[in-house]
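Novice: pasting the sequence and the predicted model now:
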Amino acid sequence: MTSRQILTVGLELASPDAQLASLRSNTSLLDWDIVLFKPDIHEFMQYSEYFQGKPRLTDRTSFELKECCEHWRREIKQAVEAGKTVIVFLPNLQEVFVDSGQRSYSGTGRNQKTTVHVGEYSNYMAIPTGLSPVTATGNSMKLSARGAEVLASYWSEFESASQYKVILTDPKVLPCLVTRSGDKPVGAIYRSKSSAGTLLLLPDIEFYPANFLKGKGENQTWTSAAGQFAARMVSAVVALDLALRTGGEVTAEPSWAAEPGFEFSSEKILRVQLLDAERKVEEVQKYKEKLAEELRS
(Lines give C-alpha, C1' and ligand atoms only; values in the text may rest on other atoms or scores of the structure.)
Protein backbone atom coordinates (compact mmCIF):
# COMPACT_ATOMS: atom_id res chain seq x y z
CA MET A 1 0.00 0.00 0.00
CA THR A 2 1.56 3.30 -1.11
CA SER A 3 1.35 6.42 1.03
CA ARG A 4 0.85 8.57 -2.09
CA GLN A 5 -2.72 9.16 -3.23
CA ILE A 6 -2.95 8.19 -6.92
CA LEU A 7 -5.80 9.05 -9.32
CA THR A 8 -6.20 7.85 -12.91
CA VAL A 9 -8.33 9.74 -15.44
CA GLY A 10 -9.05 8.28 -18.88
CA LEU A 11 -7.21 5.05 -18.04
CA GLU A 12 -7.57 2.34 -15.40
CA LEU A 13 -5.10 0.21 -13.45
CA ALA A 14 -5.82 -3.13 -11.79
CA SER A 15 -4.57 -1.87 -8.46
CA PRO A 16 -6.22 -0.89 -5.15
CA ASP A 17 -3.60 1.86 -4.88
CA ALA A 18 -5.03 3.83 -7.83
CA GLN A 19 -8.55 5.27 -7.91
CA LEU A 20 -10.36 5.83 -11.22
CA ALA A 21 -12.20 9.00 -12.31
CA SER A 22 -14.20 9.35 -15.51
CA LEU A 23 -13.05 11.84 -18.14
CA ARG A 24 -16.57 13.30 -17.98
CA SER A 25 -16.43 13.82 -14.20
CA ASN A 26 -15.87 17.12 -12.40
CA THR A 27 -13.28 15.60 -10.08
CA SER A 28 -10.80 17.99 -8.45
CA LEU A 29 -7.15 16.98 -8.71
CA LEU A 30 -6.17 18.88 -5.57
CA ASP A 31 -7.04 15.89 -3.35
CA TRP A 32 -4.39 13.70 -5.00
CA ASP A 33 -0.60 13.51 -4.94
CA ILE A 34 -0.07 11.81 -8.32
CA VAL A 35 -2.41 11.94 -11.31
CA LEU A 36 -2.19 9.72 -14.41
CA PHE A 37 -4.17 11.31 -17.24
CA LYS A 38 -5.00 10.23 -20.78
CA PRO A 39 -7.19 12.55 -22.94
CA ASP A 40 -9.05 10.01 -25.07
CA ILE A 41 -12.32 11.57 -26.36
CA HIS A 42 -13.63 8.69 -28.49
CA GLU A 43 -16.86 8.53 -26.44
CA PHE A 44 -17.74 12.08 -27.58
CA MET A 45 -17.22 11.10 -31.21
CA GLN A 46 -19.71 8.21 -31.29
CA TYR A 47 -22.73 8.56 -33.62
CA SER A 48 -21.42 11.83 -35.05
CA GLU A 49 -21.70 12.93 -38.67
CA TYR A 50 -18.62 13.77 -40.71
CA PHE A 51 -17.46 17.08 -42.16
CA GLN A 52 -14.31 17.36 -44.29
CA GLY A 53 -13.33 13.85 -43.22
CA LYS A 54 -13.55 14.50 -39.47
CA PRO A 55 -16.34 13.85 -36.95
CA ARG A 56 -18.72 16.79 -36.57
CA LEU A 57 -20.26 16.96 -33.11
CA THR A 58 -23.76 18.17 -32.33
CA ASP A 59 -24.27 21.42 -30.44
CA ARG A 60 -24.91 19.44 -27.24
CA THR A 61 -21.85 17.18 -27.58
CA SER A 62 -19.73 20.16 -28.63
CA PHE A 63 -20.63 21.96 -25.41
CA GLU A 64 -19.96 18.84 -23.32
CA LEU A 65 -16.55 18.24 -24.92
CA LYS A 66 -15.38 21.83 -24.58
CA GLU A 67 -16.57 21.98 -20.97
CA CYS A 68 -14.77 18.70 -20.24
CA CYS A 69 -11.47 19.86 -21.76
CA GLU A 70 -11.69 23.26 -20.05
CA HIS A 71 -12.23 21.49 -16.73
CA TRP A 72 -9.12 19.31 -17.07
CA ARG A 73 -6.94 22.14 -18.39
CA ARG A 74 -7.84 24.15 -15.32
CA GLU A 75 -7.48 21.23 -12.89
CA ILE A 76 -4.11 20.09 -14.27
CA LYS A 77 -2.72 23.62 -14.13
CA GLN A 78 -3.95 24.15 -10.55
CA ALA A 79 -2.67 20.74 -9.43
CA VAL A 80 0.84 21.43 -10.74
CA GLU A 81 0.87 24.87 -9.14
CA ALA A 82 -0.20 23.21 -5.86
CA GLY A 83 2.82 20.90 -5.94
CA LYS A 84 1.24 17.76 -7.46
CA THR A 85 2.76 15.45 -10.07
CA VAL A 86 0.57 15.09 -13.17
CA ILE A 87 1.65 12.50 -15.75
CA VAL A 88 -0.09 12.68 -19.13
CA PHE A 89 0.14 9.77 -21.56
CA LEU A 90 -0.06 11.22 -25.07
CA PRO A 91 -2.60 9.28 -27.19
CA ASN A 92 -3.55 9.49 -30.85
CA LEU A 93 -4.49 12.98 -32.01
CA GLN A 94 -8.30 12.97 -32.21
CA GLU A 95 -9.53 15.94 -34.25
CA VAL A 96 -13.19 16.93 -34.54
CA PHE A 97 -15.34 19.85 -35.64
CA VAL A 98 -17.38 21.47 -32.87
CA ASP A 99 -20.28 23.89 -32.93
CA SER A 100 -18.82 27.38 -32.40
CA GLY A 101 -22.15 28.79 -31.23
CA GLN A 102 -22.19 31.24 -34.16
CA ARG A 103 -25.04 31.28 -36.71
CA SER A 104 -25.56 33.16 -39.96
CA TYR A 105 -28.82 33.52 -41.86
CA SER A 106 -29.68 33.97 -45.51
CA GLY A 107 -33.01 34.37 -47.27
CA THR A 108 -36.34 35.30 -45.70
CA GLY A 109 -39.53 33.62 -44.56
CA ARG A 110 -39.83 29.95 -45.48
CA ASN A 111 -36.73 30.21 -47.64
CA GLN A 112 -34.54 31.37 -44.77
CA LYS A 113 -31.46 29.20 -44.35
CA THR A 114 -29.45 28.87 -41.15
CA THR A 115 -25.73 28.13 -41.37
CA VAL A 116 -24.03 26.63 -38.32
CA HIS A 117 -20.40 27.70 -38.00
CA VAL A 118 -17.98 25.06 -36.74
CA GLY A 119 -14.39 25.12 -35.57
CA GLU A 120 -11.64 22.52 -35.21
CA TYR A 121 -10.99 20.98 -31.80
CA SER A 122 -8.96 18.07 -30.45
CA ASN A 123 -8.33 15.95 -27.37
CA TYR A 124 -5.06 17.83 -26.82
CA MET A 125 -7.07 20.91 -25.79
CA ALA A 126 -7.32 19.24 -22.36
CA ILE A 127 -3.58 19.75 -21.78
CA PRO A 128 -2.66 23.21 -20.43
CA THR A 129 0.37 23.91 -22.62
CA GLY A 130 1.00 24.51 -26.31
CA LEU A 131 2.22 21.35 -28.05
CA SER A 132 1.18 21.58 -31.73
CA PRO A 133 1.00 17.77 -32.02
CA VAL A 134 1.42 16.11 -35.41
CA THR A 135 0.38 12.50 -35.95
CA ALA A 136 3.34 10.12 -36.18
CA THR A 137 3.80 6.65 -34.73
CA GLY A 138 6.96 4.87 -33.67
CA ASN A 139 8.82 2.98 -30.96
CA SER A 140 12.42 4.17 -31.31
CA MET A 141 13.01 6.84 -28.64
CA LYS A 142 15.70 8.05 -26.26
CA LEU A 143 15.94 10.27 -23.20
CA SER A 144 17.02 13.86 -23.77
CA ALA A 145 19.43 15.65 -21.44
CA ARG A 146 16.46 17.21 -19.63
CA GLY A 147 14.84 13.85 -18.89
CA ALA A 148 17.84 11.60 -18.31
CA GLU A 149 18.26 12.25 -14.59
CA VAL A 150 14.68 11.79 -13.34
CA LEU A 151 13.26 9.48 -16.01
CA ALA A 152 16.02 6.87 -16.20
CA SER A 153 14.39 4.39 -13.81
CA TYR A 154 10.89 4.72 -15.33
CA TRP A 155 12.25 4.48 -18.87
CA SER A 156 14.23 1.31 -18.18
CA GLU A 157 11.00 -0.27 -16.90
CA PHE A 158 8.55 0.89 -19.58
CA GLU A 159 10.54 1.78 -22.71
CA SER A 160 9.56 -1.48 -24.42
CA ALA A 161 5.85 -0.87 -23.69
CA SER A 162 5.89 2.77 -24.85
CA GLN A 163 4.94 4.03 -28.30
CA TYR A 164 4.78 7.62 -29.46
CA LYS A 165 1.58 8.60 -31.29
CA VAL A 166 2.46 12.25 -31.97
CA ILE A 167 5.47 14.49 -32.45
CA LEU A 168 5.37 17.79 -30.54
CA THR A 169 6.25 20.61 -32.94
CA ASP A 170 5.69 23.73 -30.82
CA PRO A 171 9.08 25.52 -30.54
CA LYS A 172 8.49 26.17 -26.82
CA VAL A 173 8.19 22.46 -25.95
CA LEU A 174 10.66 21.34 -23.26
CA PRO A 175 11.49 17.80 -24.44
CA CYS A 176 12.43 14.97 -22.10
CA LEU A 177 12.08 12.23 -24.75
CA VAL A 178 12.97 12.46 -28.43
CA THR A 179 13.05 10.18 -31.45
CA ARG A 180 16.35 8.33 -31.94
CA SER A 181 16.61 9.72 -35.45
CA GLY A 182 16.06 13.44 -35.86
CA ASP A 183 15.66 14.21 -32.14
CA LYS A 184 11.98 15.10 -32.56
CA PRO A 185 10.20 15.76 -29.22
CA VAL A 186 7.78 12.98 -28.19
CA GLY A 187 7.69 13.72 -24.46
CA ALA A 188 8.04 16.88 -22.38
CA ILE A 189 8.51 18.03 -18.80
CA TYR A 190 7.31 21.27 -17.20
CA ARG A 191 8.20 22.17 -13.62
CA SER A 192 6.27 24.72 -11.60
CA LYS A 193 8.26 27.84 -10.76
CA SER A 194 6.41 28.29 -7.46
CA SER A 195 6.13 24.73 -6.12
CA ALA A 196 7.53 21.21 -6.45
CA GLY A 197 4.75 20.35 -8.93
CA THR A 198 5.49 18.86 -12.34
CA LEU A 199 3.57 18.26 -15.55
CA LEU A 200 5.16 15.30 -17.32
CA LEU A 201 4.09 14.29 -20.84
CA LEU A 202 5.03 10.74 -21.84
CA PRO A 203 4.56 8.52 -24.91
CA ASP A 204 1.46 6.37 -24.81
CA ILE A 205 1.17 2.87 -23.35
CA GLU A 206 -1.42 0.21 -24.16
CA PHE A 207 -3.26 -0.14 -20.85
CA TYR A 208 -5.74 -2.76 -22.06
CA PRO A 209 -3.94 -5.47 -24.08
CA ALA A 210 -5.86 -8.70 -24.68
CA ASN A 211 -4.12 -10.59 -21.88
CA PHE A 212 -5.21 -8.02 -19.24
CA LEU A 213 -8.91 -8.92 -19.37
CA LYS A 214 -10.93 -12.13 -19.18
CA GLY A 215 -14.64 -12.71 -19.68
CA LYS A 216 -17.02 -10.77 -21.90
CA GLY A 217 -19.07 -7.59 -21.69
CA GLU A 218 -19.99 -6.51 -18.17
CA ASN A 219 -18.49 -9.72 -16.77
CA GLN A 220 -14.93 -8.81 -17.72
CA THR A 221 -12.35 -8.98 -14.92
CA TRP A 222 -8.65 -8.29 -14.62
CA THR A 223 -6.10 -11.05 -15.11
CA SER A 224 -3.01 -11.63 -13.00
CA ALA A 225 -0.95 -10.05 -15.81
CA ALA A 226 -2.96 -6.83 -15.43
CA GLY A 227 -2.32 -6.82 -11.69
CA GLN A 228 1.40 -7.32 -12.17
CA PHE A 229 1.57 -4.51 -14.72
CA ALA A 230 -0.40 -2.17 -12.42
CA ALA A 231 1.92 -2.93 -9.49
CA ARG A 232 4.94 -2.09 -11.66
CA MET A 233 3.33 1.13 -12.88
CA VAL A 234 2.34 2.28 -9.39
CA SER A 235 5.84 1.56 -8.09
CA ALA A 236 7.42 3.40 -11.04
CA VAL A 237 5.27 6.55 -10.77
CA VAL A 238 5.76 6.77 -6.99
CA ALA A 239 9.54 6.57 -7.51
CA LEU A 240 9.25 9.10 -10.35
CA ASP A 241 7.25 11.46 -8.13
CA LEU A 242 9.98 11.23 -5.47
CA ALA A 243 12.73 11.88 -8.02
CA LEU A 244 10.89 14.91 -9.40
CA ARG A 245 10.39 16.37 -5.93
CA THR A 246 13.97 15.73 -4.87
CA GLY A 247 15.31 17.40 -8.00
CA GLY A 248 12.75 20.19 -8.10
CA GLU A 249 12.77 21.81 -4.67
CA VAL A 250 11.73 25.45 -4.89
CA THR A 251 13.26 28.07 -2.59
CA ALA A 252 10.56 29.94 -0.71
CA GLU A 253 10.20 33.64 -1.51
CA PRO A 254 11.72 35.74 1.32
CA SER A 255 9.25 37.93 3.19
CA TRP A 256 11.01 41.14 2.21
CA ALA A 257 10.47 40.39 -1.49
CA ALA A 258 6.73 40.97 -1.06
CA GLU A 259 7.17 44.51 0.24
CA PRO A 260 6.02 47.28 -2.19
CA GLY A 261 9.47 48.87 -2.31
CA PHE A 262 10.97 45.79 -3.96
CA GLU A 263 8.30 45.44 -6.65
CA PHE A 264 9.38 46.13 -10.23
CA SER A 265 7.25 48.47 -12.35
CA SER A 266 6.68 45.61 -14.80
CA GLU A 267 5.29 43.51 -11.92
CA LYS A 268 2.77 46.26 -11.06
CA ILE A 269 1.59 46.41 -14.68
CA LEU A 270 1.24 42.62 -14.88
CA ARG A 271 -0.67 42.47 -11.60
CA VAL A 272 -3.16 45.07 -12.86
CA GLN A 273 -3.55 43.18 -16.14
CA LEU A 274 -4.03 39.93 -14.22
CA LEU A 275 -6.78 41.46 -12.07
CA ASP A 276 -8.51 42.73 -15.20
CA ALA A 277 -8.25 39.28 -16.80
CA GLU A 278 -9.72 37.69 -13.65
CA ARG A 279 -12.62 40.15 -13.80
CA LYS A 280 -13.34 39.24 -17.41
CA VAL A 281 -13.19 35.51 -16.60
CA GLU A 282 -15.69 36.01 -13.76
CA GLU A 283 -18.06 37.92 -16.06
CA VAL A 284 -17.89 35.24 -18.75
CA GLN A 285 -18.37 32.47 -16.16
CA LYS A 286 -21.47 34.20 -14.75
CA TYR A 287 -22.88 34.60 -18.26
CA LYS A 288 -22.18 30.93 -18.99
CA GLU A 289 -23.94 29.85 -15.78
CA LYS A 290 -26.93 32.06 -16.65
CA LEU A 291 -27.27 30.45 -20.10
CA ALA A 292 -26.89 26.95 -18.63
CA GLU A 293 -29.68 27.69 -16.12
CA GLU A 294 -31.95 28.99 -18.92
CA LEU A 295 -31.24 25.79 -20.91
CA ARG A 296 -32.17 23.61 -17.93
CA SER A 297 -35.39 25.58 -17.46
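Specialist: Everything's here; your move.
Novice: tally up the residues packed near Gly130, please.
Specialist: Counted by other CB atoms under 10 Å, the residues lying close to Gly130 total 13. For glycine as for every other residue, the C-beta is placed from the backbone atoms N, C-alpha and C.
Novice: and it, what element?
Specialist: Using DSSP states H and E, no element contains Gly130; it sits outside every helix and strand.
Novice: if I look at the closest residue to it other than its chain neighbours, how far off is Ser140?
Specialist: Nearest in space to Gly130, with sequence neighbours left out and distances taken as CB to CB, 6 or more residues apart in numbering, is Asp170 at 4.7 Å. In this structure, Asp170 and Ser140 are separated by 22 Å, where distance is defined by CB to CB, to the nearest Å.
Novice: same drill for the two, tell me which one is more crowded.
Specialist: Using other CB under 10 Å, the more surrounded residue of Asp170 and Ser140 is Asp170, with 13 against 10.
Novice: Thr2 - how many residues pack around it?
Specialist: Thr2: 16 surrounding residues under other CB under 10 Å.
Novice: quick check: it touching Asp17?
Specialist: Yes - between Thr2 and Asp17 there is a contact under CB atoms under 8 Å: 5.0 Å.
Novice: spell out which residues are contacts of both of the two.
Specialist: Val234 (CB atoms under 8 Å, 6 or more residues apart in numbering).
Novice: how is the chain divided into domains?
Specialist: 6-251, 257-296 (automatic domain parsing).
Novice: most tightly surrounded among those domains?
Specialist: Ranked by average neighbour count under the criterion mean count of other CB atoms under 10 Å, those are headed by domain 6-251 at a mean of 17.
Novice: quick one: that one to chain centroid distance?
Specialist: Going by CA atoms, centre = their mean, to the nearest Å, the spacing between the C-alpha centre of domain 6-251 and its chain's C-alpha centre is 4 Å.
Novice: please shift the residue numbers so they start at 750 in all later answers.
Specialist: Sure, I'll start numbering at 750, so the last one becomes domain 755-1000.
Novice: check the domains of the chain for me: which has the lowest mean pLDDT.
Specialist: Per-segment confidence across the domains of the chain bottoms out at domain 1006-1045, which has a mean of 72 in mean pLDDT.
Novice: center of the protein, which residue is that?
Specialist: The central residue of the chain, meaning the one whose C-alpha is nearest the mean C-alpha position (CA atoms, centre = their mean), is Ile876 at 3.6 Å.
Novice: didn't that residue look like it was pressed against Arg822?
Specialist: Yes - using CB under 8 Å, Ile876 is in contact with Arg822, at 7.0 Å.
Novice: residue boundaries of the helices in the protein?
Specialist: With DSSP state H as the definition, the chain shows helices at residue ranges 791-794, 808-830, 894-907, 973-996, 1014-1045.
Novice: who wins for proximity to Leu762 among these?
Specialist: Comparing those against Leu762 with CB to CB, the closest turns out to be helix 973-996 (4.0 Å).
Novice: that closest one vs helix 894-907, what angle?
Specialist: Computed by axes from the mean of the first three to the mean of the last three CA atoms, to 10 degrees, the angle separating helix 973-996 from helix 894-907 equals 160 degrees.
Novice: how long is stretch 797-813 end to end?
Specialist: Stretch 797-813 has its terminal residues 14 Å apart, counting by CA to CA, to the nearest Å.
Novice: hmm, who's touching that stretch?
Specialist: With CB under 8 Å, 6+ apart as the criterion, stretch 797-813 contacts 773, 793-794, 814, 844-848, 850, 865, 867, 869-870.
Novice: same thing with stretch 824-838?
Specialist: 760, 776-779, 781-788, 875-877, 939, 941, 943-954, 986, 989-990, 993-994.
Novice: could you redo the last one with a cut-off of 6 Å?
Specialist: Identification of contacts with stretch 824-838 by CB atoms under 6 Å, 6 or more residues apart in numbering yields 778-779, 783-787, 876-877, 941, 944-951, 953-954, 990, 993.
Novice: just these: which are in strands?
Specialist: Those of the contacts of stretch 824-838 mapping onto strands are 783-786, 947-951, 953-954, per DSSP state E.
Novice: turn the residues you listed into JSON lines, including distance to Ser855.
Specialist: Supplementary listing: those in JSON lines, determined by distance: CB to CB, whole Å:
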{"residue": "Ile783", "distance to Ser855": "53"}
{"residue": "Val784", "distance to Ser855": "48"}
{"residue": "Leu785", "distance to Ser855": "49"}
{"residue": "Phe786", "distance to Ser855": "43"}
{"residue": "Thr947", "distance to Ser855": "52"}
{"residue": "Leu948", "distance to Ser855": "46"}
{"residue": "Leu949", "distance to Ser855": "50"}
{"residue": "Leu950", "distance to Ser855": "45"}
{"residue": "Leu951", "distance to Ser855": "49"}
{"residue": "Asp953", "distance to Ser855": "45"}
{"residue": "Ile954", "distance to Ser855": "50"}
